[in-house]
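*Asks:* Mind looking at a prediction? Sequence and model below.
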Amino acid sequence: MKVIFSRSDLIEALTPALGAISPKRENSILECLKIKADENGVHIYSYDNEKGYNIDVEGEVIRQGSCLVNAQRFYGMVRNMPSDITFECGDNMMAALTSESSRYDIQYLDAKLYPNTPEINARQSFTLTQGQLKDIINQTSFAIGENNMRLQLNGAYFVVDNGYIRVVALDGLRFAERYIEGDIVKDNIDVAIDTEVRFIIPKKSLAEVVKLLEEPDEKITVIKARRHVMFKVKNVTFYTSTIDGDYIDYSRFIPKNETTTATAKVADIRESLERALFITEYKESGRMKSPVKLTFDGNVLAVSSVSSTNRFYDEIPVLMEGSELEIGFNCKMLLDTFRALDCEKVKLKLTTPLSAIAITPVDEDDKSFYYFTFPVKITESF
């Protein structure tokens, strides 16, 4: 195999591919990229047994062929080259990268050693803008579980039909739901025409998807198979295995019959929680992290936290209805929600000091988001 690449084109193709290189070093083959040059051009593949990339890259194919090269070493060599690169596989399983007067030699392996990647047969697909998908992932992924005993909670649950997409995440302590209506087009290829697209994607795979979404107004196509989902953007295809099983019936956790409501500015609460975080996250030997306490009293929300050596207090104006209430939270968990919100105001809904706080749009007819976080118990000495 012999190919001439533009250095910038090759780096652009290699960068996302590294996201599917196995970091565990249990299998040296999975530390490799597969590079293939044929009559259709040059293709780069990476795969870690759960997710993978297929990337087409511009290159002048002088001689067709394929090989495996260590991904990190190959990427480092390419980045250090001064200009266009010639990549040629030679004798003794050694390949040469040359650029102007510079040359690297790298060992390569037979491409036949590469594992069989999944055969993905489309059953359903949908298109939406990259901006829509990026927003909906960024505003829910913080609530995805990590190493949860219920495997389905370790991913985000997608539900899609013509005109809307809903994404849900729940880690057992907090819940995030985003709903977007718009120009979302679904195509059922191998299932009944009225079937919604449903799947659960692992958290680490969503992080790779976000990296692809660089042009908000451009479209992205998402293709669902039986056990995999593919995301196609220009010359890049990313695919991931999905989490099997039905998602949890989260409706039974949603707080109901609130006794206290308060409308507040998102920025006011976010900034106050950021200040409280300095106290709540302060590590003291032999002591648990401090909670943050929210006190709803009249049209004032008091935010406070106490450690053995420090205190924090702040007041935020709110428009409150209902009874006075004190409630405590893990500050960072609650703050994650307010960091994700991109609206000016929200409504806070509370029932008791031991029930979750719900965070919703001010307009009751607006269903674009719904968040809730469970509280922590506040000691009497707080």
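*Replies:* Received the coordinates, thanks.

*Asks:* Point out where the chain drops to low pLDDT.
*Replies:* 24-26, 282-288, 380-382 (pLDDT under 70).

*Asks:* tell me the domain boundaries of it?
*Replies:* 2-113, 124-250, 255-373 (automatic domain parsing).

*Asks:* Would you tell me which of those gets closest to T379?
*Replies:* Checking the domains of the chain against T379 by CB to CB gives domain 255-373 as the closest, at 8.9 Å. Just so you know, the C-beta spots here come from the backbone N, C-alpha and C atoms, and that holds for glycine as well.

*Asks:* returning to that earlier point: redo the domains of the chain as TSV? Include mean neighbour count.
*Replies:* Output for the domains of the chain, formatted as TSV (neighbours: other CB atoms under 10 Å):
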stretch	mean neighbour count
domain 2-113	17
domain 124-250	18
domain 255-373	17
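
*Asks:* Same list, those domains, but as JSON lines with distance to T379 please.
*Replies:* Output for the domains of the chain, formatted as JSON lines (distance: least, CB to CB, whole Å):
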{"stretch": "domain 2-113", "distance to T379": "41"}
{"stretch": "domain 124-250", "distance to T379": "19"}
{"stretch": "domain 255-373", "distance to T379": "9"}
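
*Asks:* Does K349 belong to a helix, a strand or coil?
*Replies:* Recorded secondary structure, K349: strand (DSSP: H, G, I helix; E, B strand; the rest coil).

*Asks:* That one pairs with what?
*Replies:* T261, A358 (DSSP bridges).

*Asks:* Checking my notes, D56 in a strand, right?
*Replies:* Yes. D56 forms part of a strand when assessed by three-state DSSP.

*Asks:* Looks like it contacts A37 (just checking).
*Replies:* No. Counting by CB atoms under 8 Å, A37 is not a contact partner of D56; they are 11.3 Å apart.

*Asks:* intersection of neighbour lists for those two?
*Replies:* H43 (CB atoms under 8 Å, 6 or more residues apart in numbering).

*Asks:* I'd guessed T260 sits against E321; true?
*Replies:* Yes. Using CB under 8 Å, T260 is in contact with E321, at 7.4 Å.

*Asks:* all helices of the protein, in order?
*Replies:* 7-17, 71-80, 130-138, 203-212, 266-280, 331-340 (DSSP state H).

*Asks:* Adding distance to M1, write these out as CSV.
*Replies:* Putting the helices of the chain into CSV (distance: least, CB to CB, whole Å) gives the following:
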stretch, distance to M1
helix 7-17, 14
helix 71-80, 14
helix 130-138, 33
helix 203-212, 27
helix 266-280, 53
helix 331-340, 46
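
*Asks:* Assess the claim that V69 and I35 are in contact.
*Replies:* Yes. With contact defined as CB under 8 Å, V69 reaches I35; the gap is 6.6 Å.

*Asks:* any idea how far V306 is from I378?
*Replies:* 10 Å (CB to CB, to the nearest Å).

*Asks:* let me fix that: K134
*Replies:* 37 Å.

*Asks:* just V42 next, same as before
*Replies:* V42 is 61 Å from I378, by CB to CB.

*Asks:* do the same with K186
*Replies:* From K186 to I378 the distance is 47 Å (CB to CB).

*Asks:* Repeat that for N257.
*Replies:* 22 Å.

*Asks:* Quick one: distance of stretch 177-193 to the chain centre.
*Replies:* 20 Å (CA atoms, centre = their mean, to the nearest Å).

*Asks:* ignore the last one, stretch 17-33
*Replies:* The answer for stretch 17-33 is 20 Å, by CA atoms, centre = their mean.

*Asks:* Stretch 36-48 now?
*Replies:* 26 Å.

*Asks:* Then stretch 96-110?
*Replies:* 35 Å.

*Asks:* Any chance you could list what contacts it?
*Replies:* 7, 29, 32, 67-70, 73-74, 77-78, 80-90, 93-95.

*Asks:* For stretch 368-377, measure first residue to last.
*Replies:* 30 Å (CA to CA, to the nearest Å).

*Asks:* meant to ask about stretch 305-316
*Replies:* Span of stretch 305-316 from end to end, CA to CA: 15 Å.

*Asks:* just the strands in the stretch 101-250 of the chain please.
*Replies:* 102-109, 124-129, 155-161, 164-170, 174-181, 185-188, 197-202, 219-224, 228-233, 236-241 (DSSP state E, counting those that start in this stretch).

*Asks:* Identify whichever of these lies nearest to Q139.
*Replies:* strand 174-181 (5.1 Å).

*Asks:* Can you tell me which helices and strands the closest one packs against?
*Replies:* helix 130-138, strand 164-170, helix 331-340, strand 369-373 (3 or more CB pairs under 8 Å, 6 or more residues apart in numbering; DSSP states H and E).
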